[in-house]
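**Q** for reference, the sequence and a predicted model appear below.
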Amino acid sequence: MPKFKVRASDLRKMSPEERMKLLEEWRSELIKLRYQAAAGSLENPGKLREYRRNIARLLTIMREEELRSQGKEERA
């Protein structure tokens with residue numbers, strides 16, 4: 001679980017399977033944090049923002065990889 005900002009370079013080094021697993025973990029943790037925030041028992045509200053940003057960063061990298069692979073297929 002991320003404590004702070006996760007570096008894009010670290011995410012790029014991961015395999016696609018690792019990224020998908022990490023995405024699922026982060027999304028489930030974000031849901032838990034949202035429930036805690038709604039109940040008023042969230043200790044650190046900054047965690048919500050950090051998880052959202054990490055998820056967005058991961059999705060962006062996954063999309064970049066997808067577009068890069070499509071570009072290679074079109075050239076071949």
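**A** Sure thing, it's come through.
**Q** report the mean confidence score over the longest helix along the chain.
**A** Among the segments of the chain that qualify as a helix by DSSP state H, the longest is helix 46-75. Averaged across helix 46-75, the pLDDT comes to 92.
**Q** quick check, central residue of the protein?
**A** Centroid check for the chain by C-alpha atoms, centre = their mean gives residue 55 as the closest residue, at 2.5 Å.
**Q** helix or strand: which one has the nearest residue to it once chain neighbours are set aside?
**A** Nearest non-adjacent residue to residue 55, counting by C-beta to C-beta, 6 or more residues apart in numbering: residue 26, 5.2 Å away. In this view, the C-beta of every residue, glycine as well, is placed from N, C-alpha and C. Assigned by DSSP states H and E, residue 26 falls within helix 16-39.
**Q** sorry, back to before: and the longest helix of the chain, how far out from the chain middle?
**A** Averaging C-alpha positions (C-alpha atoms, centre = their mean, to the nearest Å) puts helix 46-75 8 Å from its chain's average.
**Q** how far off helix 16-39 does that helix point, in degrees?
**A** Relative orientation of helix 46-75 and helix 16-39, computed by axes from the mean of the first three to the mean of the last three C-alpha atoms, to 10 degrees: 150 degrees.
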